[in-house]
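Asker: could you look at this predicted model? Sequence included:
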Amino acid sequence: MTTTAGVDIGGTKIAAGLVADGEVVRMLRRPTPDGGSAAVLDTVATMLRELAGPFSAIGVGSPGIVRDGTVVSATDVVPGWAGAPVRERLSGEFGVPVAVDNDVRAMAYGESCRTEGKPDGLVLYVSVGTGLGGALVRHGVLVHGNHGSAGEIAHLLTPERGARPCGCGRYDHLEASVAGPAVAAAYSARTGGEPVPLPEIARRMRAGEPDAAAVVAGAGRILGRALSGFVTAVDADAVVLGGGAGLGLGEPFVQAAAEALRAEVRPAGRPAEVRSARLGADAPVLGAALLALLALEEGTAECA
């Protein structure tokens, strides 16, 4: 039995777990620290030591575009994260191979590995959290593209113009309209009240509050409309929505996105299925650990 460690680095929290035989056997979660990449990697290293292994390899799901174990491009979802030498730092400290990929790809791989029966042909996985990300999987295999950005949907232009600033410095990108902070800001603007955390907005929506329901449905519609062109262009068979915010907002968010997407798409065959991620919050950690195992078996996980 080979045990690997998986790490998911997010804008508000970091999760790390041990995975054996495809199951998460231990999980830790910590807030993402301020202080840039050094502070984040310090926290990751501390959590990996606390897992008390042993583990044969480490897999890391990271925000941004990753190349050769280093983050080459990232927005301010994790401030100061661009340039983070993830593989170099962790392999040097723990002496085991390290596989690093985009965090949504890690989630997508975890979900794909747990899909029962024959995998869907081409699936777009979307993670809605502090930021927004996407990943493509074809017949169970991750699609990276020549520049590592295949499936990236955060910076698609939204169908609605509102001069919303995006973390990348431009305006009206999808992340600026449907990621968790954007939904919370839209709710505050609609109600004229103090900022309300996203879990509380979700609770109010489930309790039947009209303002909360309208904001959540509105974000879902924006996401669905923006994804409709992407889904048509790549001829995707399915869209899977996950991430902390995406899962927290629940079926009303998913349903609004699905209805908006289908209203815009004119499929030649069956319409793309839109569904929630099945693994929940453990998917990125499980996927990262399974990517480490895959890379170990194929000899592509590397030490610095």
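Answerer: Yep, that arrived.

Asker: quick check: bridge partners of Val7?
Answerer: Beta bridges link Val7 to Ala16, Val60, judged by DSSP bridges.

Asker: any idea how far it is from Ala16?
Answerer: 5 Å (Cβ to Cβ, to the nearest Å). C-beta here means a position set from N, CA and C on the backbone, and glycine is covered the same way.

Asker: the more surrounded of the two?
Answerer: The neighbour count for Val7 versus Ala16, taken as other Cβ atoms under 10 Å, is higher for Val7 (31 against 28).

Asker: max-length helix in the chain?
Answerer: helix 210-234 (DSSP state H).

Asker: show me what that one is packed up against.
Answerer: Counting contacts by 3 or more Cβ pairs under 8 Å, 6 or more residues apart in numbering; DSSP states H and E, helix 210-234 is packed against strand 122-128, helix 175-178, helix 180-191, helix 198-206, helix 244-264.

Asker: what does the following helix or strand past it contact?
Answerer: The helix or strand immediately downstream of helix 210-234 is strand 238-242, counting by DSSP states H and E. Applying Cβ atoms under 8 Å, 6 or more residues apart in numbering, the contact partners of strand 238-242 are 107-108, 111, 120, 123-128, 227, 231, 247, 253-254, 257-258, 261, 272-277, 279-280, 283.

Asker: could you flag which of these are buried?
Answerer: Buried members of these, counted by 16 or more other Cβ atoms under 10 Å: 107-108, 111, 120, 123-128, 227, 231, 247, 253-254, 257-258, 261, 272, 274, 276-277, 279, 283.

Asker: who's the nearest residue to Pro54 once chain neighbours are set aside bridged to?
Answerer: Leaving out its chain neighbours, the residue that sits closest to Pro54 by Cβ to Cβ, 6 or more residues apart in numbering is Thr3, at 6.8 Å. On the basis of DSSP bridges, Thr3 takes part in beta bridges with Ala20.

Asker: I'd guessed Thr3 sits against Gly17; true?
Answerer: No - counting by Cβ atoms under 8 Å, Thr3 does not reach Gly17; the two are 10.5 Å apart.

Asker: okay, now the unreliable bits of this structure?
Answerer: Applying pLDDT under 70 to the chain flags residues 115-120, 163, 266-270, 299-304.

Asker: the nearest residue to Ala179 once chain neighbours are set aside: what's it in contact with?
Answerer: Among residues not flanking Ala179 along the chain, Leu132 sits closest, at 4.6 Å (Cβ to Cβ, 6+ apart). Under the criterion of Cβ under 8 Å, 6+ apart, the contact list for Leu132 reads 126, 153-154, 174-175, 178-179, 243.

Asker: format those as TSV; extra columns: distance to Phe94.
Answerer: Formatted as TSV, those follow (distance: Cβ to Cβ, whole Å):
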residue	distance to Phe94
Val126	32
Ile153	33
Ala154	31
Leu174	36
Glu175	32
Val178	36
Ala179	32
Gly243	28
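
Asker: relative to Gly61, which of those residues is nearest.
Answerer: Nearest to Gly61 out of these is Gly243 (Cβ to Cβ; 11.6 Å).
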